[in-house]
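> the sequence isn't on hand, but the structure is:
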């Protein structure tokens, strides 16, 4: 049986999103039907609307979500109806070369639900990141459901589904920030703010926030930044070096995804330091660095995809820290909105007015 629910659709490139009735099927083998409680408005959803991911319109947007399992299909053992879950877009296969080497966080064959969700006329929808959670119900692979403490706020918990996990993971998993390290974060939106929080959680002695917006720098201080640099008025490389004894930071996390800021990150790190790219570039972007500098400065240049997280390991642990008052996920929730306010939320995101708008259903 198909369920008729409301969902937010991106009908075509750069067209405004709209709420439409969609059809969500009952779960088949290996699938779960989830009643969505909250879903964050992430920049990736805007990329989908703009055609920056692919051109498989229409898209069912939304992916940064928490909800309750409504029903499950044949063979599902990870979750059961009534479980409170955070949705993830890394349902590991357990069989690919990464999984078999004990590195499931790099799974090369993650999977989604096999059945399509559709418009009422039968047009198949492409769910954002295989989730499509700007809807009252969504169909996902059961491995995309990570069970967490049901006492957690859904608005806060759902943010682990993408941006907050990407940032925290960039610091802890990819950058491997350690006790006493110096860390610089370039770009202090939702992902960069989470990287600041992750660096503090890992025990960094100095956390330097870099942004062009004073509002974001003020928020960054609340998330754990020990120093701030307004890059529109100061050379961020010189400022970071000055704050680190003239050497540069041990770990620099680039959370913008632009060649200019990546080059700043490259030269703002100490010798043998680490650069982590977690900001998402667009296809036409290129970087030009002297190969001798790449060789001579040593260290590591890394990309962080989803914070190199393993949802089954990381989500419950971070929710436990949140429940203990040691991880302020609520700080990322700037506002809660209705399903029909997503387009306006994109505008506020573009203007830098919010860390996260969260749709509450």
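On my side now, so go ahead. Since we're looking at a predicted model, the values are computed, not measured.
> secondary structure element for the most far-flung residue of the chain relative to its centre?
Farthest-out residue of the chain from its mean C-alpha position, per C-alpha atoms, centre = their mean: residue 292, at 33.4 Å. Following DSSP states H and E, one finds residue 292 within helix 291-297.
> likewise for residue 37?
Short version, using DSSP H and E: residue 37 is in strand 31-40.
> tell me what that strand is packed against?
The contact analysis (3 or more C-beta pairs under 8 Å, 6 or more residues apart in numbering; DSSP states H and E) places strand 31-40 against strand 64-72, strand 137-141, helix 154-157, strand 357-360. Where you see a C-beta, it was placed from the backbone N, CA and C, and this is true even at glycine.
> residues contacting the closest residue to residue 150 other than its chain neighbours?
Setting aside the residues directly before and after it, residue 150 is nearest to residue 84 in space (C-beta to C-beta, 6 or more residues apart in numbering), at 3.8 Å. For residue 84, the contacting residues are 66-68, 147-150, 152, 154, 157, by C-beta atoms under 8 Å, 6 or more residues apart in numbering.
> redo the residues you listed as a markdown table? Include neighbour count and pLDDT.
Listed next are the contacts of residue 84 as a markdown table, based on neighbours: other C-beta atoms under 10 Å; pLDDT from 0 to 100:
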| residue | neighbour count | pLDDT |
| --- | --- | --- |
| 66 | 30 | 98 |
| 67 | 28 | 98 |
| 68 | 15 | 98 |
| 147 | 17 | 98 |
| 148 | 23 | 98 |
| 149 | 13 | 98 |
| 150 | 14 | 97 |
| 152 | 21 | 98 |
| 154 | 21 | 98 |
| 157 | 29 | 98 |
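> per-residue confidence at the residue farthest from the centre of the chain?
For residue 292, the pLDDT comes out at 98.
> got it, and residue 355?
Turning to residue 355, the model gives it a pLDDT of 92.
> go on, residue 126?
So residue 126 comes in at 98 (pLDDT).
> swap in residue 241?
Note on residue 241: pLDDT of 98.
> which residue is the nearest non-sequential neighbour of it?
residue 248 (5.3 Å).
> and the gap between the nearest residue to residue 16 once chain neighbours are set aside and residue 38?
For residue 16, ignoring the flanking residues on the chain, the nearest one in space by C-beta to C-beta, 6+ apart is residue 343 at 5.2 Å. According to C-beta to C-beta, to the nearest Å, residue 343 stands 18 Å off from residue 38.
> neighbour count: these two, which is higher?
Using other C-beta atoms under 10 Å, the more surrounded residue of residue 343 and residue 38 is residue 38, with 25 against 15.
> format the helices and strands packed on strand 31-40 as a markdown table; extra columns: distance to residue 241.
What follows is the helices and strands packed on strand 31-40, written out as a markdown table (distance: least, C-beta to C-beta, whole Å):
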| stretch | distance to residue 241 |
| --- | --- |
| strand 64-72 | 35 |
| strand 137-141 | 46 |
| helix 154-157 | 36 |
| strand 357-360 | 36 |
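> among these, which is nearest residue 314?
Comparison of the helices and strands packed on strand 31-40 against residue 314 by C-beta to C-beta identifies helix 154-157 as nearest, at 12.6 Å.
> and the helix or strand just after the closest one, how far out from the chain middle?
Sequence order places helix 163-169 as the next helix or strand after helix 154-157, per DSSP H and E. When distances are taken as C-alpha atoms, centre = their mean, to the nearest Å, helix 163-169 is centred 5 Å away from the chain's centroid.
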